[in-house]
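>>> the amino acid sequence is not available; the structure is as follows:
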């Protein structure tokens, strides 16, 4: 049977035969890169970018501040956010580094501001080329160099890239958040697994460390990859010892380098449960050391190898839990109950996939069903690979299944299955189009699609669409200041501005130096968000005065939608253009919906 032959041929080659000659490899890369560029251009067609959001804008401010005379490489403080406590950014300098390097280089031949804007365009496209290279190499290794005729292979690669559209859009110029780096790290881990040699192991270690340095969203994938490598080592799968040794060495070296290069001594010693810091450094160095020593020193049967790994690993986990107990509660302990209810719980990406039904995001539901169908359709091939003990194929398949499962629970992970699952489309096309096993492959495809659509239809009837009615909290979270004139800020003495989180970013991009805002929609800014909810929503003057006490100004934009004055007394009044006792209106030079008020603490009600 063709499916069995495919599994055996790829296993026999130990991934090595899944490579193409230089000309075919370049053609394959060209198809993936050209299709990706087409997707990027289509995103520009309507003038509104699909993925660029508030995360990119804050990253831009962080990089601009770093390049200013006030910024410092090892200091994560962003003084333009005052809650009134200083805001410490959890975002890694690893992501900032390419933009800073390109901007500094281009500043030799053009103004600094233009150089930075050029960097925001150049580096995402460079990453898109890296993405295309990784995807091409992975897809080729998964379905084999000779699994498909050249024309069919080109069509399959183009189709695969189209299915990855949402992931590709993470590399649009201006998308400077860290998610594109996480995608590259995940693909590099998968490619290292597919190589299944010492170089591949080193790639796994380096990419895993980079993923965790950038953000903790990649932790489940790193943990799965290393658990799979450990399982292969314990079962004495051929090549596993060499791969795991190189992976542990790569992780150890990259962790030390990352700590020194991007944190400095204060950062290394700090405990930040939501970012690369002491707890995760100890974890990464400790487990890498345990793996390396066991590989060097331990021989014997599977039970001996498992015990040699398990005992010190459990002990290390206990030490970490004892010394960093705050992190056992997760990365979001900084979020207070008020911010949790009014902000965090309303974010769609923090909910399960059922939230797509609630929000009537039917296109994402259909895409998710198609991804699930692909994994189900190639499941028989995964079983065959398991019978032949071919670990690389199985581990990459497991990563794709994990990504899909995580998205079911929390949709923030959706970019990862969209990256990994389409890699198996060429495998499925080759299996279903080969004459020796065509019927079996097509039955698998039809059965998988039918099952997914049956579940989809069932959920459609069980989970009726529901759009919650917008309230004052939602109005405060939206940017009502788009296109408004902010020149009134130039007439005011710099100070701290209390404003709804949705308005803060617009203020920061227009305010003169010296101004700061109270809150932005980020978890570390929750102390400021809490104060703003108390100030704008509370009916108790004492609570309002206490919330606004550290600030000099209040800023709100007029809203075309009237808020409920019983639900949000201060916000309803100001957003409707009315005055408030104790808030002195600053007269703007030009007519504008942006309103700035100086706080008179003695008269504030």
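Received it, and whenever you're ready, just let me know what you need. Values in this document were obtained by computation on a predicted structure and should not be read as measured data.

>>> alpha carbons only for contacts and neighbour counts from here, please
Noted.

>>> the spatially closest residue to residue 364 that is not a sequence neighbour: helix or strand, and which one exactly?
Spatial nearest neighbour of residue 364, excluding adjacent residues (C-alpha to C-alpha, 6 or more residues apart in numbering): residue 356 at 7.2 Å. For residue 356, the element it lies in under DSSP states H and E is helix 354-358.

>>> next one: that helix to chain centre, how far?
Here helix 354-358 is found 20 Å from its chain centre; the criterion is C-alpha atoms, centre = their mean, to the nearest Å.

>>> now the residue nearest in space to the middle of the chain: closest residue in space that isn't a chain neighbour?
Nearest residue to the geometric centre of the chain (C-alpha atoms, centre = their mean): residue 179, 3.6 Å. In space, not counting the residues next to it along the chain, residue 179 is nearest to residue 170; the distance is 6.9 Å by C-alpha to C-alpha, 6+ apart.

>>> and the gap between the one you found and residue 233?
Distance of residue 170 to residue 233, computed by C-alpha to C-alpha, to the nearest Å: 35 Å.

>>> between the two, who's got more neighbours?
Neighbour count, other C-alpha atoms under 10 Å: between residue 170 and residue 233, residue 170 has more, with 25 against 22.

>>> so who does the more buried one touch?
Residues in contact with residue 170, defined by C-alpha atoms under 8 Å, 6 or more residues apart in numbering, are 51, 179, 180.

>>> kindly report the same for residue 284.
Counted by C-alpha under 8 Å, 6+ apart, residue 284 has contacts 209, 251, 252, 255.

>>> again, but for residue 106
Contacts of residue 106 by C-alpha under 8 Å, 6+ apart are 112, 115.

>>> and it, what's its pLDDT?
For residue 106, the pLDDT comes out at 96.

>>> and if you look at residue 47?
Looking at residue 47, its pLDDT reads 67.

>>> now swap in residue 561 and tell me
83.

>>> any idea which element it lies in?
Using DSSP H and E, no helix or strand contains residue 561.

>>> output the contacting helices and strands for the helix holding residue 356.
helix 362-377 (3 or more C-alpha pairs under 8 Å, 6 or more residues apart in numbering; DSSP states H and E).

>>> skip ahead from the helix it packs on and say which helix or strand is next.
Next along from helix 362-377, by DSSP H and E: helix 379-387.

>>> buried stuff in that following helix?
Buried positions in helix 379-387, judged by neighbour count with 16 or more other C-alpha atoms under 10 Å: 380, 381, 382, 384, 385.

>>> what's the distance between the last one and residue 197?
When C-alpha to C-alpha is the yardstick, residue 385 and residue 197 sit 18 Å from each other.

>>> tell me the one of the buried residues of helix 379-387 nearest residue 421?
residue 382 (13.3 Å; C-alpha to C-alpha).

>>> contacting residues around that closest one?
Counting by C-alpha under 8 Å, 6+ apart, residue 382 has contacts 393, 394, 397.

>>> can you read off the pLDDT for it?
81.

>>> buried residues, stretch 519-532. List them.
In stretch 519-532, counting by 16+ other C-alpha under 10 Å, buried: 519-532.

>>> related to what we said a few turns ago, touching, the residue nearest to residue 364 and residue 363? I think so.
No. If you go by C-alpha atoms under 8 Å, residue 356 and residue 363 don't touch, sitting 9.1 Å apart.

>>> higher neighbour count, the two?
Set side by side, residue 356 and residue 363 show more neighbours around residue 356, with 19 against 10, by other C-alpha under 10 Å.

>>> quick one: that one from residue 366, how far?
Counting by C-alpha to C-alpha, the gap from residue 356 to residue 366 is 10 Å.

>>> over to residue 171?
From residue 171 to residue 366 the distance is 23 Å (C-alpha to C-alpha).

>>> between these two, which has more neighbouring residues?
Under the criterion of other C-alpha under 10 Å, the comparison of residue 171 against residue 366 puts residue 171 first, with 29 against 14.

>>> what sits against the more buried one?
Residues in contact with residue 171 (C-alpha under 8 Å, 6+ apart) are 40, 124, 125, 127, 128, 180.

>>> just give the nearest non-adjacent residue to the last one, would you?
This means residue 180. What sits nearest to residue 180 in space, not counting adjacent residues and going by C-alpha to C-alpha, 6+ apart, is residue 170, at 5.4 Å.

>>> for the second one, same thing?
Computed as C-alpha to C-alpha, 6+ apart, the closest residue to residue 124 that is not its neighbour in sequence is residue 171, at 4.9 Å.

>>> packing partners of the helix or strand residue 310 falls within?
Assessed by DSSP H and E, residue 310 sits inside helix 302-323. Helices and strands touching helix 302-323, by 3+ C-alpha pairs under 8 Å, 6+ apart, are helix 219-234, helix 278-297.

>>> redo that, cut-off 6 Å
Applying 3 or more C-alpha pairs under 6 Å, 6 or more residues apart in numbering; DSSP states H and E, one finds that helix 302-323 contacts helix 219-234.

>>> quick one, strands of the chain?
All strands of the chain, identified by DSSP state E, fall at 77-82, 86-88, 496-498, 516-517, 553-557, 583-585, 594-599.

>>> a markdown table for those strands, including distance to residue 474?
What follows is the strands of the chain, written out as a markdown table (distance: least, C-alpha to C-alpha, whole Å):
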| stretch | distance to residue 474 |
| --- | --- |
| strand 77-82 | 21 |
| strand 86-88 | 23 |
| strand 496-498 | 17 |
| strand 516-517 | 19 |
| strand 553-557 | 14 |
| strand 583-585 | 23 |
| strand 594-599 | 18 |
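
>>> any idea which of the ones you listed is most buried?
Highest mean neighbour count of the strands of the chain: strand 496-498, a mean of 28 (counted as mean count of other C-alpha atoms under 10 Å).
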